[in-house]
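Undergrad: 3D, please:
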Amino acid sequence: MAQIVYRVSGRDGDRRVTKAFRNTDQGRQAALAFKRELSDSRTRYDVRTRIGGRVVTRTFASKKEADAYAATTEADRLRGVMFDPGRGRVTVRELGAEWLASNPAKRADTRATDEYHLRTHIFPALGDRRIDSVVQTDVQSLVNHLSARLAPRTVRRAHGVLRSLCAYAEMTDRIGRSPCRNVKLPRVQPLERSMPLPEDLARLVAAMDESNRPMVYLGAVLGLRFSEVAGLRVGRMDLGSGSVSVNETITRDSQGRPVFDAPKSAASRRTIALPAPLREPEADSDALVFVSPEGGPLRYANWRNRVWSPAREAAGLPNLGFHDLRRAMATALVEDRTDMKTTQVRMGHSDSRLTLALYAQAVPEADQAAADRLSGRFIPGSRDERAMGGKQQNPAGDEDGL
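TA: Model prediction:
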């Protein structure tokens, strides 16, 4: 429980003296009597609270401020949210290093992204500030400053890193409340996604050398991410059962070097059926299926510049990304009415809602078919007109058009 102590100081002749008194009737009377004996006297109010095995003291100039702080501290104690103000004296830069080291399970590429945003966007503005001095307006000012020169998605990622850092500070009792709350972020416009058709993929594959062509189909037919394709080993392809196991990926560390890592999530660790055209036996089961010209693991940036970009330009698909192959697969599975559980497993998602929200897209043909069905249901005569149109187009009654 918080205790208030009166600390009276003043001049007693040539000496300056200080004496403390308890916050009781007797103590207050003794403090007043002592104060009358001094010249140039003043009273300060210490609020002492035991937190985590040690006594924390805050000093106030007025009794009203001390009472208010003591009441707040006691309420925090009863709610179980009390924290040690002394622990907040660490800088944002120091806390950032501690936060990065606190999660050994974090993927190498995620750690590299966090380090980049801390080093480039957060530390220059807040790195030397104590974490307990950062308030909501500081975070909003940083977001506004970044928004003036960076894309909205980059600003949101940087804010996400700072929000995670402040959540760690709150969890470790450095601060009582995160300053990242109620921050206005820039609006992100949905990206125009490319939806490759079978003939597009045929042109893309034709523009590649034979060693890289299977990567396109592993993305479009199996829905593998580039990191999963790059980390695929021969031994993970079971030609007997016709399946492939995704248990390893290749990502990058903070220096951009390729490193082997676990799949993105538990759901991403999966075994899926392998189509017959992709079942080609290899000798060394531990060897990577795809390697760089030097024989080492693939680096995405190098592979993109050496193989992907020239091939998509030659195929007339300048905006196509490798990840768009996953979206094409998800859309094709939904369009072909594959059950959602199978689609979710092949995509490596933990929740089918993610599959529908981020990957599966409406195609024009399916949209037109839906419009025609709704028209036939709700617009009088439209069903008959459509039926008549179908008869006029096939007067001989043959079934070639079915």
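
Undergrad: okay, CA-based contacts and neighbour counts for the rest of this
TA: Noted.

Undergrad: List the strands paired with the helix or strand containing residue 18, with their directions.
TA: Using DSSP states H and E, residue 18 sits in strand 15-22. Note on strand 15-22: by DSSP bridges, its sheet partners are strand 3-12 (antiparallel).

Undergrad: what's next to the partner strand, contact-wise?
TA: 16-23, 28, 31, 34-35, 37-49, 66-67, 70 (Cα atoms under 8 Å, 6 or more residues apart in numbering).

Undergrad: of these, buried ones?
TA: 18, 20-21, 31, 34-35, 38, 41, 43-49, 66-67, 70 (16 or more other Cα atoms under 10 Å).

Undergrad: residue contacts, residue 115?
TA: By Cα under 8 Å, 6+ apart, residue 115 lies in contact with 100, 254.

Undergrad: just how off-centre is the helix or strand hosting it within its chain?
TA: Taking DSSP H and E as the criterion, residue 115 maps to helix 108-117. The chain centre lies 11 Å from the centre of helix 108-117; the measure is Cα atoms, centre = their mean, to the nearest Å.

Undergrad: do stretch 28-45 as well
TA: 57 Å.

Undergrad: Start and end of it, how far apart?
TA: 12 Å (Cα to Cα, to the nearest Å).

Undergrad: quick one: contacts of that stretch?
TA: By Cα under 8 Å, 6+ apart, the surrounding residues in contact with stretch 28-45 are 4-12, 20-22, 59-63, 66.

Undergrad: and that stretch, average pLDDT?
TA: Average pLDDT, stretch 28-45: 90.

Undergrad: now stretch 177-194
TA: 87.

Undergrad: So the chain: which segments form each domain?
TA: If you go by automatic domain parsing, the domain ranges for the chain are 3-82, 89-171, 198-359, 364-393.

Undergrad: Format the ones you listed as TSV; extra columns: distance to residue 177.
TA: Shown next, in TSV, are the domains of the chain (distance: least, Cα to Cα, whole Å):
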stretch	distance to residue 177
domain 3-82	10
domain 89-171	6
domain 198-359	30
domain 364-393	48
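
Undergrad: So which of the ones you listed is nearest residue 180?
TA: domain 89-171 (5.6 Å; Cα to Cα).

Undergrad: Just the buried ones among the contacts of strand 3-12: which are in helices?
TA: Taking DSSP state H, the ones among the buried ones among the contacts of strand 3-12 that sit in helices are 31, 34-35, 66-67, 70.

Undergrad: Can you list phi and psi of residue 148 for me?
TA: The phi/psi pair for residue 148 (degrees, to the nearest 10) reads phi -70, psi -20.

Undergrad: right, I mislabeled it, should have said residue 197
TA: phi -90, psi 170.

Undergrad: now do residue 288
TA: phi -70, psi 140.

Undergrad: Setting aside sequence neighbours, what's the nearest residue to it?
TA: With Cα to Cα, 6 or more residues apart in numbering as the measure, residue 233 is the residue that lies nearest to residue 288, at 4.3 Å, once sequence neighbours are left out.

Undergrad: what ranges of the stretch 201-350 of the chain fall below the confidence cut-off?
TA: 239-240, 276-285 (pLDDT under 70).

Undergrad: now the strands: where do they sit in it?
TA: 237-238, 243-246, 249-252, 258-261, 270-273 (DSSP state E, counting those that start in this stretch).

Undergrad: To residue 161, which of the ones you listed lies closest?
TA: That would be strand 249-252 among the strands of the stretch 201-350 of the chain, by Cα to Cα, at 18.3 Å.

Undergrad: In the sheet, which strands lie alongside the closest one, parallel or antiparallel?
TA: Here strand 249-252 is paired, per DSSP bridges, with strand 258-261 (antiparallel).

Undergrad: Mind listing residues that contact stretch 222-238?
TA: Looking at what lies outside stretch 222-238 - Cα under 8 Å, 6+ apart - the contacts are 215, 218-219, 243-246, 248-251, 260, 263, 272-274, 279, 282, 284-291, 297-298, 300, 322-323, 325-327, 329-330, 346-347.
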